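Colleague: sequence-free structure coming up:
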DNA sequence: ATCGCACTGTGAACCACTTCACAATGCACA
DNA sequence: TGTGCATTGTGAAGTGGTTCACAGTGCGAT
Ligand SMILES: NC(=O)c1ccc[n+]([C@@H]2O[C@H](COP(=O)([O-])OP(=O)(O)OC[C@H]3O[C@@H](n4cnc5c(N)ncnc54)[C@H](O)[C@@H]3O)[C@@H](O)[C@H]2O)c1
Ligand SMILES: NC(=O)c1ccc[n+]([C@@H]2O[C@H](COP(=O)([O-])OP(=O)(O)OC[C@H]3O[C@@H](n4cnc5c(N)ncnc54)[C@H](O)[C@@H]3O)[C@@H](O)[C@H]2O)c1
C-alpha cells in the first residue's frame, strides 16, 4: 500500500517514461522526471523507492524497468475496467478521450437514463439503459465508476454502482456521495477549482511575500 | 491569505449555503455543513473561522452571512473573468456548463486554433482565433485561463495567456507548464485520477486494515 | 590505478493540514 | 432565576506528505 499522492505521480512518471521509451531513451535521472512532471528530484526518488524502483547513480533509472514496475503496482491483471454513468456533455468528452487510447484503462460500458440516448452509439460506445447497470457491471467485473450525472442523481447512481460491486468512484457531480467503508471515492469539483485559481491568481504576489 | 484547501471548501460551503438559502433555511450548524460537504464539523468550524465567519452556539451560522462573507473572500469585485482555450470535447463541455450559470464566474472568451471552429458560435459563445487571444484577454481583464488543448500545445497556449496578463491557469492537458513566479497553476490530470481510484479500489480492504 | 563527480537511497527535519479536546456561550425549559 | 445541554472557537496534538542533507556508489577522466 503506497501513499495517495505517490500513486498519482507514478501514473505521471509512467506516461513520461512511455514517451521517452518511444523515442529510444534508455535511462532517466530523477531530476529529468522532476522537470517533466512538475515535481522535485527528491520527491521523484522517494516515490520510485516506495514503488520498489531502483536506479544507479551512474545511469539513473532504466526506463523500461520503471514502466514495468509501475505497471505491476498500478495495473489490474486484466486491465482496469471502467464504467461511465451520465452520457452528457462531460461524459461524452471522457468517452471520446478514453475509448481506444490506453491498453490498461478501458471504458467498457456507458449508461444513461435518457431514453433518447439509450441504444445510440456515442463516441463509439453503446449507451445502455440504467436497468442494465447492475448486471452488466457485475458480469464485466467493473472496478471504477465515472459519475457524470446531475448532482441530485449522484447518490442514486452511486447506490447502483455499489450494488454492482464497484469499489472505486470518480465523482464529477457537485454533491457528496455516501459509500460504505472500504469503497474509495475521489471527488473532482471543477467549479471549486476554478474559483480557487481565481482566488490565488489575485493574491499570489500581494500580502506576505 | 487563507490556506489552499480551505479556499476550495469555502466554495463548497457557499454552494450548500446558497441551496439552503433558496429553501428558506436561515441557520446552519457546522455538523450539517460537514455532512453535506464531505468534511468534518471541526474542519468546517476552522475553515469558517479562517474566513472570518462567526456563529453562535445556539443557532449555528447565519446562512446569509456565510454567503456574503465567502463572496467577499473569494470573489473579484466585477466577477471572475475566465477564458477557455481549446474548444474540443472537454472545452465544449465546460462552455455548456459554465455559460450563463454563475453570476460571479463568467467564461468571457473562447479560443481555438482550428479554422473550422473559429468564428462559429459554440454553446452560445463565439470561438475566436488565437491571434485575438492577447488583445482580447487584456481588454477584458481575464483573470483565469482554462487550458483544454492537446498536451504538446499547452506551453504555447500558456505563454500567450501570460503575455495577456493572466495570472491563474487551470490546466487539463497532461503536460507540465512553466510559468514565472507569482502565477498560480492548478493541474488536473484526469487519467492519473482514474488510475488512482483503480488502485485504491482494489487495495482498500486488503493489506493493513 | 586513482580521483572527482553527479547521482541514488534514505533517515531526519520540516511543514501544512486535520483532528482532538475543552472552556466559553447562550437558549430551552423548569 | 437557575440548570442542562448542544454548539462554537481555538490552542495543542497528531498525521501525512515534502524537503533537506549526506553517506554510499560507480563511471569517466587523468
Ligand atoms: N460539464 C462541465 O463542465 C461540468 C463542470 C463541473 C461540474 N459538472 C458536473 O458534472 C455532471 C455532468 O455534467 P454535464 O455537463 O455532462 O451535464 P449534462 O446535463 O450534459 O449530462 C448529464 C447526463 O446525465 C444523464 N442522467 C440524468 N439523470 C441520470 C440518472 N439518474 N442516471 C443516469 N443518467 C442520468 C442525463 O440524461 C445526461 O445525459 C453534473 O453533475 C455537473 O454538475 C460538469
Ligand atoms: N476529454 C477528456 O476526457 C480528457 C481527459 C484527460 C485529459 N484530457 C486532456 O484535455 C485536453 C483536451 O482534450 P479534448 O478531449 O478536448 O481534446 P480535443 O482534441 O477534442 O480538443 C482539443 C482542441 O484544442 C484545439 N487546439 C489544438 N491546438 C491548439 C492551439 N495551439 N491553440 C488553440 N487551440 C488548439 C483543437 O483545435 C481542438 O479543438 C487534452 O490535452 C487532453 O489530453 C482530456
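Modeller: On my side now, so go ahead. Here the structure is a predicted model, which is why all the values come from computation and not from measurement. Ligands and ions are numbered 1, 2, ... in the order given.

Colleague: Just give me the neighbour total for the nearest residue to residue A:150 once chain neighbours are set aside.
Modeller: Once its chain neighbours are removed from consideration, residue A:150 has its nearest residue in residue A:173; the separation is 6.6 Å (C-beta to C-beta, 6 or more residues apart in numbering or on different chains). From N, CA and C alone the C-beta is placed, and that goes for glycine too. Residues near residue A:173, counting by other C-beta atoms under 10 Å in any protein chain shown, number 23.

Colleague: How about the contacts made by the single nearest residue of chain A relative to ligand 2?
Modeller: Ranked by C-beta to the nearest ligand atom, the top residue of chain A for proximity to ligand 2 is residue A:97, at 3.2 Å. Residue A:97 sits next to B:89, B:90, B:190 when contact means C-beta atoms under 8 Å, 6 or more residues apart in numbering or on different chains.

Colleague: least trustworthy helix or strand in chain A by mean pLDDT?
Modeller: For chain A, the helix or strand with the lowest mean confidence is strand A:121-122, at a mean of 88 (criterion: mean pLDDT, DSSP states H and E).

Colleague: can you tell if that strand touches ligand 1?
Modeller: No - among the residues of strand A:121-122, none lie within reach of ligand 1 under C-beta under 6 Å from any ligand atom; the closest is 9.6 Å away.

Colleague: Describe which strands that strand pairs with in its sheet and in which direction.
Modeller: Here strand A:121-122 has these sheet partners by DSSP bridges: strand A:125-129 (antiparallel).

Colleague: quick one: residue A:166 is in a strand?
Modeller: No - when DSSP: H, G, I helix; E, B strand; the rest coil is applied, residue A:166 is found to be coil, with no strand at that position.

Colleague: Now it. Its backbone dihedrals?
Modeller: Backbone torsions of residue A:166, given as degrees, to the nearest 10, read phi -70, psi 130.

Colleague: so how far is chain B from it?
Modeller: Counting by C-beta to the nearest C-beta, to the nearest Å, the gap from residue A:166 to chain B is 8 Å.

Colleague: Please report how far that residue lies from residue A:144.
Modeller: Per C-beta to C-beta, to the nearest Å, residue A:166 is found 7 Å from residue A:144.

Colleague: Need the residues touching each of these two.
Modeller: If you check residue A:166 and residue A:144 against C-beta under 8 Å, 6+ apart, the residues they both contact are A:83, B:201.

Colleague: Which helix or which strand is home to the residue nearest the centre of chain A?
Modeller: With distances taken as C-alpha atoms, centre = their mean, chain A has residue A:170 as the residue nearest its mean C-alpha position (7.7 Å). Take DSSP states H and E as the rule and residue A:170 turns out to sit in strand A:168-171.

Colleague: Any part of the helix or strand following that strand near ligand 1?
Modeller: Stepping forward along the backbone from strand A:168-171, the first helix or strand reached (DSSP H and E) is strand A:184-187. No - looking at strand A:184-187 against ligand 1 by C-beta under 6 Å from any ligand atom, there are no contacts, and the closest approach is 10.8 Å.

Colleague: So for strand A:184-187, mean pLDDT?
Modeller: Average pLDDT, strand A:184-187: 97.

Colleague: Check which residues of stretch A:125-145 are buried.
Modeller: Residues of stretch A:125-145 classed as buried: A:125, A:127, A:128, A:130, A:133, A:134, A:136, A:137, A:142, A:143, A:144, A:145 (neighbour count, 16 or more other C-beta atoms under 10 Å in any protein chain shown).

Colleague: right, and the pair among those with maximum separation?
Modeller: Put simply, by C-beta to C-beta the two of the buried residues of stretch A:125-145 set farthest apart are A:127 and A:143, 20.4 Å from each other.

Colleague: ok, is the strand holding residue A:170 in contact with chain B or not?
Modeller: Yes - applying C-beta under 8 Å from any C-beta of the partner chain, one finds strand A:168-171 touching chain B at A:168, A:169, A:170.

Colleague: Any residues of chain A in contact with DNA strand D? List them.
Modeller: Where chain A comes near DNA strand D, counting by C-beta under 7 Å from any atom of the strand, the residues are A:3-6, A:39-40, A:42-43, A:45-46, A:56-59.

Colleague: if we go to 6 Å?
Modeller: Proximity of chain A to DNA strand D (C-beta under 6 Å from any atom of the strand) is limited to residues A:3, A:4, A:5, A:40, A:42, A:43, A:46, A:56, A:57, A:58.

Colleague: near chain A too, which of the contacts of residue A:97?
Modeller: Among these, the residues lying close to chain A (C-beta under 8 Å from any C-beta) are B:89, B:90, B:190.

Colleague: quick one, phi psi at the last one?
Modeller: Comment: the main-chain dihedrals of residue B:190 come out as phi -60, psi -40, following degrees, to the nearest 10.

Colleague: Quick check on the contacts of residue A:97: which are buried?
Modeller: B:89, B:90, B:190.

Colleague: All good on my end, thank you.
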